[in-house]
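Peer 1: Provided below for reference: sequence and predicted model.
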Amino acid sequence: MTYKLLRKKRTTVQLLIGLSFIVVLLLIVFFLFKNETFETDYVKIDKNKIDPLTADYDTFHLDDSRKSKQIKYGYELFINTAEYLGPKNGKRERSFSGNNLACNNCHLNAGTKPYSGMLIGVINRFPQFRGRENKIGTIEERINGCMERSMNGKPLPPNGEEMKAFVAYMHWLNQFAPEDGKVKGAGYARIKIPNRAVDLQKGEKLFLNKCASCHGEDGQGIALQDYPGYLYPPLWGEDSYNIGAGMARVITAAEFIKTNMPYGATYEKPELTDEEAYDLAGYINQQDRPIKTNPEFDFPDLKKKPVSTPYPPYADTFPVSQHQLGPFQPIMEFYKEEYGMKKTK
Ligand code: HEC
Ligand code: HEC
């Protein structure tokens, strides 16, 4: 081989070594970063790892697909219920609620606030046995329960646009919930029920000191200016929930008030004692409010009626006044001994 050829071969070898070096380097870089890009692009969100309580439930972040629009409509109905479904909405065929309350007035932060009848996971809690009807009930029936009682209105058609939107919104609130729907903060926080009757005078005094600034001394709240609905909802009177509503029961109302009122209170930072919440709930629910039609047909099995349901008949002989104002312990005791039933509300 001539010197020239040898040199040429050496350069080729050098070139090859250099090239393979670069290739190896590129390969290393590729494999190093490959996993990362792969993961961010294709990682499947593990829904079990997202805390259902702190997930993002802002409908604003939804896209414009048909499904998302339905969820957004459900949210709208939930917040501005009176504007869409109330008696002053200008469309008689769609006036399903009898008052101008909003779902959001009781299920705070669009149903996401713990211990305010929170609706995160609610879909997985249904179908559910309901003592009121003594049968298994669907989510649609439960929503209509609030339509007929809390909203003092008529049931929504189960296949109508509005019911479908409510259910779609609740499905969306359910997306990170465990299968059994048991999420911390569902329902209400139990209070220690005082072993005495409600003190109505204390209740009134507390109401004037701690609640009247928003709900008004006459309990009628403050209506919105431009739309049907309330800035501060009424707590009694014609435009309030009817006597068949969960909130009309002293124990349920006390549990709601304890961790949610005055507005801003939470489970972690309540502003009232259990005794105060109890007296307030009793005071509010002694005021006039709409009567539910045919309340005597509620609870085909009377034993399943919550002890603080304010209207008869009952499966016991305690006076109506005691079911409205307590003391509830003797009634609860009676159900335990007579029927072996443990009552909490
Ligand atoms: C005046 C207060 C109030 C208003 C307004 C209200 N609700 Fe309720 N809602 C309650 C109470 C109280 C309960 C729980 C009753 C019980 O524990 O028996 C409840 C329960 C529910 C449940 C079942 C929750 C669960 O975890 O099982 C759903 C679903 C529901 N409401 C939907 C609605 C919708 C939709 C609206 C509006 C159309 C609405 N509610 C308006 C007070 C209200
Ligand atoms: C700072 C204003 C404010 C104060 C003070 C306040 N609330 Fe409320 N309350 C509200 C608002 C606002 C809502 C509706 C929540 C929503 O729509 O986000 C509400 C809802 C309610 C509800 C359920 C809705 C209804 O119409 O029945 C009850 C019951 C209630 N409050 C009772 C009380 C009691 C009892 C007190 C006094 C301990 C109190 N509130 C103090 C602002 C207030």
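Peer 2: Great, that's in hand. Ligands and ions are numbered 1, 2, ... in the order given.
Peer 1: going forward, measure contacts and count neighbours with C-alpha atoms only.
Peer 2: Will do.
Peer 1: residues in contact with stretch 268-286?
Peer 2: Identification of contacts with stretch 268-286 by CA atoms under 8 Å, 6 or more residues apart in numbering yields 191-194, 198-200, 202-204, 206-207, 235-236, 248-251, 253-255, 257-262, 265, 324-325.
Peer 1: Need the buried ones from the residues you listed selected in PyMOL.
Peer 2: Applying 16 or more other CA atoms under 10 Å to the contacts of stretch 268-286, the buried members can be selected in PyMOL as follows:
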select buried, resi 191+193+194+198+199+200+203+204+206+207+235+236+248+249+250+251+253+254+255+257+258+259+260+261+262+324+325
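Peer 1: among the contacts of stretch 268-286, which are within reach of ligand 2?
Peer 2: Among the contacts of stretch 268-286, the residues within reach of ligand 2 (CA under 6 Å from any ligand atom) are 207, 235, 257, 261, 262.
Peer 1: Among the residues you listed, which one lies nearest to ligand 2?
Peer 2: Minimum distance to ligand 2 across those is 3.5 Å, recorded for residue 262 (CA to the nearest ligand atom).
Peer 1: Identify the spatial nearest neighbour of the residue of the stretch 1-150 of the chain found nearest ligand 1, chain neighbours not counted.
Peer 2: Using CA to the nearest ligand atom, the single residue of the stretch 1-150 of the chain nearest to ligand 1 is residue 103, 3.5 Å away. Excluding its sequence neighbours, the residue lying closest to residue 103 (CA to CA, 6 or more residues apart in numbering) is residue 78, at 5.2 Å.
Peer 1: would you put the C-alpha positions of the helix or strand harbouring the one you found in CSV?
Peer 2: Secondary structure from DSSP states H and E places residue 78 in helix 66-79. The C-alpha coordinates for helix 66-79 follow below in CSV (Å, rounded to 0.1, in the frame of the first residue of the first chain):
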residue,chain,number,x,y,z
ARG,A,66,-71.2,18.9,23.4
LYS,A,67,-70.5,17.0,26.6
SER,A,68,-68.7,20.0,28.1
LYS,A,69,-71.5,22.3,27.1
GLN,A,70,-74.0,20.1,29.0
ILE,A,71,-71.8,20.2,32.1
LYS,A,72,-71.6,24.0,31.9
TYR,A,73,-75.3,24.3,31.5
GLY,A,74,-75.7,22.1,34.6
TYR,A,75,-73.4,24.4,36.5
GLU,A,76,-75.4,27.4,35.3
LEU,A,77,-78.6,25.9,36.5
PHE,A,78,-77.0,25.1,39.8
ILE,A,79,-75.8,28.7,40.4
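Peer 1: Please list the residues of the stretch 201-345 of the chain that sit near ligand 2.
Peer 2: 207, 210-211, 213-214, 232-235, 257, 261-263, 280.
Peer 1: In contact with the residue of the stretch 1-150 of the chain closest to ligand 1, which residues?
Peer 2: Neighbouring residues of residue 103 by CA under 8 Å, 6+ apart: 78, 79, 81, 110.
Peer 1: Let's see which of the ones next to ligand 2 among the contacts of stretch 268-286 end up in helices.
Peer 2: 207, 257 (DSSP state H).
Peer 1: if we can go back for a sec, the residue nearest to residue 103 touches residue 104, doesn't it?
Peer 2: Yes - counting by CA atoms under 8 Å, residue 104 is a contact partner of residue 78 at 5.9 Å.
Peer 1: neighbour-wise, which of the two wins?
Peer 2: residue 78 (21 against 18; other CA atoms under 10 Å).
Peer 1: if I look at the more buried one, how far off is residue 220?
Peer 2: 21 Å (CA to CA, to the nearest Å).
Peer 1: same deal with residue 258?
Peer 2: Applying CA to CA to residue 258 and residue 220 gives a distance of 20 Å.
Peer 1: One more: residue 124?
Peer 2: Residue 124 sits 36 Å away from residue 220, taking CA to CA as the criterion.
Peer 1: and if you look at residue 291?
Peer 2: Computed with CA to CA, the distance linking residue 291 and residue 220 is 17 Å.
Peer 1: do residue 341 as well
Peer 2: Distance from residue 341 to residue 220, by CA to CA: 38 Å.
Peer 1: Settle it for me: which of those two has more neighbours?
Peer 2: Applying other CA under 10 Å to residue 341 and residue 220 shows that residue 220 carries more neighbours, namely 20 against 14.
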